[in-house]
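[1] Structure of the sequence below:
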Amino acid sequence: MTLHSNKEFFVSWEELHRATRELARRQLPAEQWQGIIAVSRGGLVPAAIIARELNIRVVDSVCVSSYDHQSQREQASILKDVSATQDGAGFLVVDDLVDTGNTLRTLRQRLPQARFITVYGKPAGLELVDDYEADLSQDTWIHFPWDMHLHYVDPLAGQDDH
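    Predicted structure coming up:
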């Protein structure tokens with residue numbers, strides 16, 4: 001998927017927090033979870049929010065590479081493995097988005113007993129997710145708040161229009 005050739009969806013910090021908090025609510029009771037595994041990099045912020053909401057202190061990460069900037073590769077590769085669990089039993093694996101499912105397919109093989117949750121989901125990858133908060137069409141490019149820079153925008157009416 002290339003930027004600007006498809007629909008675009010811009011997520012604010014507030015919207016990300018609201019959606020992630022709702023996703024966390026559905027993972028209650030918190031006592032059933034031994035910990036969280038954040039999928040780096042996109043899952044780091046949602047995992048931190050979920051860890052806070054569920055009062056979970058054990059947070060591990062797994063580093064997976066499946067994109068070259070905005071192009072997804074066929075095969076994802078694990079760059080840094082999980083150390084907190086062998087098979088994922090009792091753990092939530094958290095990512096920001098499931099797109100084609102390449103990342104989660106790789107992680108499901110590595111952590112077959114984990115519960116996989118994402119904030120956003122696209123149709124091609126939904127079969128790999130146990131829970132998610134919001135649907136996106138497959139041709140939508142999502143812009144997360146950590147990928148954007150806030151800046152001043154000129155008003156529609158120029159200052160000379162007074």
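[2] any idea whether the residue nearest the centre of the chain is helix, strand or coil?
    Against the mean C-alpha coordinate of the chain, by Cα atoms, centre = their mean, the closest residue is Asp96 at 0.7 Å. Secondary structure, DSSP: H, G, I helix; E, B strand; the rest coil: Asp96 is strand.
[3] In contact with the nearest residue to it once chain neighbours are set aside, which residues?
    Once flanking residues are discounted, Asp96 sits nearest to Gly42: 3.6 Å by Cβ to Cβ, 6 or more residues apart in numbering. Glycine gets a C-beta too; all of them are placed from N, C-alpha and C. Each residue near Gly42 by Cβ atoms under 8 Å, 6 or more residues apart in numbering is listed here: Asp95, Asp96, Leu97, Phe144.
[4] Run through the residues that contact Asp130.
    Here Asp130 is in contact with Arg115, Phe116, Ile117 (criterion: Cβ under 8 Å, 6+ apart).
[5] Please read the previous query as pertaining to Ser61.
    Taking Cβ under 8 Å, 6+ apart, we find Ser61 in contact with Ile37, Ala38, Val39, Ser40, Leu44, Ala47, Lys80, Val82.
[6] again with Ser83
    Taking Cβ under 8 Å, 6+ apart, we find Ser83 in contact with Asp60.
[7] do that again at 10 Å, thanks
    When contacts are counted by Cβ atoms under 10 Å, 6 or more residues apart in numbering, Ser83 touches Ile37, Asp60, Ser61, Val62.
[8] separation between it and Val45?
    Using Cβ to Cβ, to the nearest Å, Ser83 is found at 21 Å from Val45.
[9] would you list the contacts of Asp130 in a markdown table and tack on pLDDT, neighbour count and distance to Leu150?
    As requested, the contacts of Asp130 are arranged in a markdown table below (pLDDT from 0 to 100; neighbours: other Cβ atoms under 10 Å; distance: Cβ to Cβ, whole Å):
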| residue | pLDDT | neighbour count | distance to Leu150 |
| --- | --- | --- | --- |
| Arg115 | 98 | 18 | 34 |
| Phe116 | 98 | 23 | 32 |
| Ile117 | 98 | 26 | 28 |
